[in-house]
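Asker: Here is my input, please return the structure:
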Amino acid sequence: MAENAELSNVAARLSQVEAQLAADAARIDGPVGGVELRAYQQQVLARLRQIRDTMNAEGSSLEQLRAERDAARSEAATLKQQVAKLSYRVEHLKQHVRVEPPAN
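Answerer: Below you'll find the model as predicted:
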């Protein structure tokens, strides 16, 4: 019997301590409590992770676009070299070809 009374007394004191801790935590955390703040942080973290995942997904297409751009630039440079080489040849051919004036 004494043990039951003692156990009830300990349980009551434990409840009082828990209530006091909850009140102290609410007072320390202020209007934006720790629970509310953590919930908000979790929401922001989830949104940031979505943004990161989207950026990573788009990043692969971005890398593909960069590779295509680099390939197009190298092809353009090669074509410019070919045009310059052929223009040089045409100029030399013009110098060596004689054009006869038309006879009237």
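Asker: Show me what the helix or strand harbouring residue 7 is packed up against.
Answerer: Here residue 7 sits within helix 2-29, counting by DSSP states H and E. If contacts are counted by 3 or more C-beta pairs under 8 Å, 6 or more residues apart in numbering; DSSP states H and E, helix 2-29 sits against helix 34-96. For every residue, glycine as well, the C-beta is placed using N, CA and C.
Asker: State the mean pLDDT of the helix holding residue 7.
Answerer: For helix 2-29, the mean pLDDT works out to 81.
Asker: Now do it and helix 34-96, the angle between them.
Answerer: If you take axes from the mean of the first three to the mean of the last three C-alpha atoms, to 10 degrees, helix 2-29 sits at 40 degrees to helix 34-96.
Asker: contacting residues for the residue nearest the centre of the chain?
Answerer: What sits nearest the mean C-alpha location of the chain, by C-alpha atoms, centre = their mean, is residue 55, with 3.4 Å. Applying C-beta atoms under 8 Å, 6 or more residues apart in numbering to residue 55 gives no contacts.
Asker: Give me the pLDDT for it.
Answerer: The model reports residue 55 with a pLDDT of 80.
Asker: just residue 70 next, same as before
Answerer: For residue 70, pLDDT reads 96.
Asker: Now do it against residue 15, distance only.
Answerer: Residue 70 sits 70 Å away from residue 15, going by C-beta to C-beta, to the nearest Å.
Asker: So the protein: which segments form each domain?
Answerer: Using automatic domain parsing, the domain parsing of the chain gives 1-30, 33-95.
Asker: List the contacts of residue 46.
Answerer: No contacts exist for residue 46 under C-beta under 8 Å, 6+ apart.
Asker: swap that for residue 59, sorry
Answerer: Listed by C-beta under 8 Å, 6+ apart, the contact set of residue 59 is empty.
Asker: For it, give its distance to residue 65.
Answerer: Between residue 59 and residue 65 the distance is 10 Å, computed by C-beta to C-beta.
Asker: now residue 49
Answerer: Taking C-beta to C-beta, one finds residue 49 at 24 Å from residue 65.
Asker: All set, thanks.
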